[in-house]
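In: pasting the sequence and the predicted coordinates here, then a few questions.
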Amino acid sequence: MSVLFFLLWIILNGKINLEIVLFGIVLSGLFTLFVYKALGYSPGSDIRFFRNLPLMILYIGILVVEIIKAAFSVMRVALNPQVKPDPVVIEFHSGFRTDLQNVLLANSITLTPGTYTLFQEGDHFVVHCLRKEYAEGMEESSFVKTLRKMKLEES
């Protein structure tokens, strides 16, 4: 965390000299101490973040691909008079223990065209889908599989 604060300090200053570096080190340390004390952040959070970074990048890639695929599917429903919306509301349990995993899943579902998370409490989800086939296999979607691989235990 301190290193990221220091790099941000250097970038925002636009130049490097001894005064800026020393002042940046002190401020980075103070910001890190504030984050640890006031926000309950811990060094373990940094370790988990960097351990999960490749999976998070993969997750973002999967999300972008799913959004594009779903957008074309919804366009087909909107532009083709033979394809009618067949809305359905489904309920499922994700099985995730952490709030972060459940919120990431809920937001990913909502960001994907044709689906909307109506309700999420704990691992219980209620999702509206524009068509029945959008709801099929939602409990084992690529989002869920990738989130299961992440180690996001809460401290």
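Out: That came through, no problem. Residues are numbered from 1 along each chain as shown.
In: only C-alpha atoms for contact and neighbour calcs from this point on.
Out: Noted.
In: tell me which other helices or strands the strand or helix carrying Gly61 touches.
Out: Element membership for Gly61 (DSSP states H and E) is helix 43-79. Counting contacts by 3 or more Cα pairs under 8 Å, 6 or more residues apart in numbering; DSSP states H and E, helix 43-79 is packed against helix 142-149.
In: quick check: angle from the helix it packs on to helix 43-79?
Out: Relative orientation of helix 142-149 versus helix 43-79 (axes from the mean of the first three to the mean of the last three Cα atoms, to 10 degrees): 170 degrees.
In: what's helix 142-149 in contact with?
Out: Residues outside helix 142-149 that contact it (Cα atoms under 8 Å, 6 or more residues apart in numbering) are 55, 59, 62-63, 94, 96, 101, 105, 108.
In: which parts of the helix or strand containing Phe31 are buried?
Out: Using DSSP H and E, Phe31 maps to helix 18-38. Neighbour-count burial for helix 18-38, counted by 16 or more other Cα atoms under 10 Å, picks out 21, 24-25, 27-29, 31-33.
In: so who does Ser2 touch?
Out: Residues near Ser2 by Cα under 8 Å, 6+ apart: 28-29, 31-32.
In: swap in Gly29?
Out: So Gly29 contacts Ser2 (Cα under 8 Å, 6+ apart).
In: what's the distance between it and Met1?
Out: 9 Å (Cα to Cα, to the nearest Å).
In: same deal with Val77?
Out: Using Cα to Cα, Val77 is found at 46 Å from Met1.
In: in this structure, which segments are predicted with low confidence?
Out: Judged by pLDDT under 70, the chain has its weakly predicted residues at 152-155.
In: just to revisit the earlier point, any idea which of the contacts of helix 142-149 is closest to Gly114?
Out: Ser108 (11.7 Å; Cα to Cα).
In: quick check: which element contains that closest one?
Out: Going by DSSP H and E, Ser108 is in helix 99-111.
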